[in-house]
Each structure stands twice: as C-alpha cells, then as structure tokens.
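Visitor: Quick check, what structure comes out for this input:
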Amino acid sequence: MTVVFMILAAIPCQFTSVEGFTDLDNSATPTRFGLLLVAGEDSASNLQMAELILASIDSLPDDAAPDLYVITMDEPGYPDIAALCGEYSGYPATLIMVGHCGFIEMDPSYLMVEIIDAWYTWGDPASRRTGICNFCRRCNP
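Guide: Numbers count the residues shown, from 1 in each chain. Purely as a prediction, here's the structure:
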C-alpha cells in the first residue's frame, strides 16, 4: 500500500485518480477531451510523464480545458486499460480520450505534437472531426 501512495504522491494534483473504465465512463461526456496517464512502477517516470502532459496542454488554446486522469497499478481496472497501451515504451503511457471513447495511445517521443494534433482533430468543438472510433484501441484492439 505504501508503494501506491508513493506513486500517487508523485502525480500532480491536476490529475484525478480513477479505478477503471467505469469511472472514466461515468465522468466523461460525448463532448469532453481528456488525457489518461497510465502509471508504471517507477514514480520518477510517472512524474516526468505527468509534467510532460501538463507542459503539452499549456500549448493548447486558452479555452481548451482537457480532463486529466491517472490510473495506478493497484486499481482494479488497471489491467484492462493497460492492455490498450504500452506499445511505444512501456509504462507510464498516455492515452487520449474523447468523450466516452477514443482511447488512443500517444507516442511519448512526440507527446506535445500528438496532444496538439488530437485536440484540433477531435477535441476542439470548432474543428471536431468524426471517425475516432476507427483509431480507438478500446473498440479496435
């Protein structure tokens, strides 16, 4: 249990802790744009990824207010969510979420560019395009 508290202690308070898909489904709406940090074992790497996410969203327009979530390894839904990502460099990983769905893993090497691109493709209400289901890992593993 101490390890879990250490992992969460390293994550900035802007991130809401979730237990799995049920929490995400209950808090997301069809028009929301969010980012999910899928934590790994190393708290320093988790913090570095969280800070990179926060720096990336600073590059979004002022009216963009993405929801920020984190799931740690001790949560019951972690295995289901972790199965959707980790292909780039393992964990921690970042998933983009659009509405109730749209779980797409971002490449950590290009995280800022990918977050900006995802915002203008699926998050920005003025330019939102359809077709995210074709890329979603949750429905199309």
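Visitor: Output the below-cut-off pLDDT ranges for this structure.
Guide: 1-9, 29-30, 99-102, 128-141 (pLDDT under 70).
Visitor: And the helices in it?
Guide: In the chain, the helices defined using DSSP state H lie at 2-9, 21-27, 43-57, 78-82, 111-118.
Visitor: Switch these over to CSV; also include mean neighbour count and distance to L37.
Guide: Every residue, glycine included, has its C-beta placed from N, CA and C. CSV is the format used below for the helices of the chain (neighbours: other Cβ atoms under 10 Å; distance: least, Cβ to Cβ, whole Å):
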stretch, mean neighbour count, distance to L37
helix 2-9, 13, 11
helix 21-27, 15, 12
helix 43-57, 18, 6
helix 78-82, 17, 11
helix 111-118, 18, 11
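Visitor: Of all those, which one is nearest P92?
Guide: helix 43-57 (4.2 Å; Cβ to Cβ).
Visitor: S109 and Y88, how far apart?
Guide: For S109, the distance to Y88 equals 7 Å [Cβ to Cβ, to the nearest Å].
Visitor: In terms of neighbours, single out the busier of these two.
Guide: Y88 (14 against 9; other Cβ atoms under 10 Å).
Visitor: Since that was my last question, I'll sign off now.
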